[in-house]
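A.B. asks: Predicted model and sequence follow; I will ask about them next.
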Amino acid sequence: MGRFTDRDFRYQSDLTDAEFETLAVRAGQVRSSHGEHSEAIYTTSSYVFNSAAEAAARFAGEEKGNVYSRYTNPTVRTFEERLAALEGAEDCVATASGMAAIYSTVVAHLQSGDSIIVSRSVFGSTNVLFEKFVRKFNIDVRYVDLLDLNSWQQAIDDTTQMLFLESPSNPMSEVADIQALADLAHKHNALLVVDNCFCTPALQKPLQFGADLIIHSATKYIDGQGRCLGGAVAGSAELIEPIIGVLRSAGPTMSPFNAWVFLKGLETLALRMKAHSENAMALALWLQQQPQVSKVNYAGLSDHPSHELAKKQQSAFGGVLSFEVNGGQPAAWQLIDGTRMISITANLGDTKTTITHPATTTHSRLTPEDRAKAGISDGLVRIAVGLESIGDIQKDIALGLAAIK
Ligand SMILES: Cc1ncc(COP(=O)(O)O)c(C=O)c1O
């Protein structure tokens, strides 16, 4: 595949044996002859060739080099190489959004007559994508409980080409046994696809536990400041290649500007994920002390059912937690409306703390029965803990708790 720019190695860093924090800052960078220190943004849709023969060779993939920014762009490529290095993947392809990453992966790897097994605890739009669009192509979508290995075993058969999950889950912070599910998938020649958006490679590298493809919504922690939409898929070159084919033909491509923003996001990812996790841990412990709160869901808490597995698979527990307040939906809404600083929005992975009521926002499209199965009660509130001072975050939630009548 001729999608890589020729590289001028005079300007490259030697990253042999470099560690995560170094790769996050330097991997994938190719300096132009201008010698720019920060990565350049190449806002160009097409590229010129030295001759007709060179154009033909590039189009045929016989010669390396850029062709058209729907599937080759130097800034986007730098982002892809950097994220691949962080995930420990051979290759990566960037997409226009996290949903585009999931859609392109499914379209590239599944065919009519196949089946896919999906964790019941996936992001609402992922669920809608599978139900409304994937099913349309005669692909059987089977839902199972994330934690119940038995139900994955029962759902898998000869038609199964893919297992799909998020870990930890949103908003219950449940952790899948990635190794066990990878073993199950491989026994049936299926792929295990893990949406790693909540942990990012700074906290968890699912490929190390046998996953085949990693999905990202770069919109979340990779950006980290709520500015751009983007996504990515990382894995072996062999599995990424067909996804690039989807981008080339269908066009759900990341823009060079967004790739540049995400590159800057990756540079501070490890620091931010550590700080998000520390704030979330402190908030979870504080919430447990509040009389209006009946339950806190955060895998960092030693009494959370996924705590031990999370410790094995993750280096910290991430920034998202949820909790139940006594008094159901009215109490949850009074709490949310009673906060003054925290942003009421369903987004997450931002420096700014966000608060949402899953039953009436992110998970409102589920039936009440499916919500109950997923543990999403009417009194559940989700917080994506940001980077403000933990004292100020607690003070704001205390205002919310005091507003419950
Ligand atoms: C876990 C997860 N995966 C995928 C997505 C979709 O990402 P995007 O909004 O970038 O399309 C989201 C978010 O919104 C998400 O939370």
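C.D. replies: Looks like it arrived, so ask away.
A.B. asks: Run through the residues that contact the residue of the stretch 101-250 of the chain found nearest the ligand.
C.D. replies: The nearest approach of the stretch 101-250 of the chain to the ligand comes at residue 217, 3.0 Å away (C-beta to the nearest ligand atom). For the C-beta atoms, the positions are set from N, CA and C on the backbone; glycine is no exception. Contact analysis of residue 217 by C-beta atoms under 8 Å, 6 or more residues apart in numbering lists 97-99, 101, 195, 197, 230-231.
A.B. asks: Quick one: neighbours of the closest residue to it other than its chain neighbours, just the number.
C.D. replies: Nearest-residue entry for residue 217: residue 98, 2.5 Å, with adjacent residues in sequence omitted and distances by C-beta to C-beta, 6 or more residues apart in numbering. Per other C-beta atoms under 10 Å, the neighbour tally for residue 98 reads 25.
A.B. asks: what sits against residue 98?
C.D. replies: Residue 98 is in contact with 123, 195, 197, 215-220, 229-231, counting by C-beta under 8 Å, 6+ apart.
A.B. asks: how far away is it from residue 251?
C.D. replies: 17 Å (C-beta to C-beta, to the nearest Å).
A.B. asks: What segments of the stretch 301-405 of the chain are helices?
C.D. replies: Using DSSP state H, counting those that start in this stretch, the helices found in the stretch 301-405 of the chain span residues 307-313, 328-338, 368-373, 390-402.
A.B. asks: What mean pLDDT does the third one get?
C.D. replies: Spelled out, it's helix 368-373. The average of the pLDDT scores along helix 368-373 is 85.
A.B. asks: Tell me the gap between it and the middle of its chain.
C.D. replies: 24 Å (C-alpha atoms, centre = their mean, to the nearest Å).
A.B. asks: Could you list the low-pLDDT ranges of the stretch 251-400 of the chain?
C.D. replies: By pLDDT under 70, the stretch 251-400 of the chain has no low-scoring segment.
A.B. asks: In the contacts of residue 98, which has the lowest confidence score?
C.D. replies: Minimum pLDDT across the contacts of residue 98 falls on residue 123, with 89.
A.B. asks: show me the contacts for that one.
C.D. replies: Going by C-beta under 8 Å, 6+ apart, residue 123 touches 98, 166, 170, 195, 362.
A.B. asks: Next one: the first one from residue 303, what distance?
C.D. replies: Relative to residue 303, residue 98 is positioned 31 Å away (C-beta to C-beta).
A.B. asks: now swap in residue 56 and tell me
C.D. replies: From residue 56 to residue 303 the distance is 64 Å (C-beta to C-beta).
A.B. asks: more crowded one of the two?
C.D. replies: Neighbour count, other C-beta under 10 Å: between residue 56 and residue 303, residue 56 has more, with 12 against 7.
A.B. asks: Verify the assumption that the more buried one is located in a strand.
C.D. replies: No - Residue 56 is assigned helix when assessed by DSSP: H, G, I helix; E, B strand; the rest coil, not a strand.
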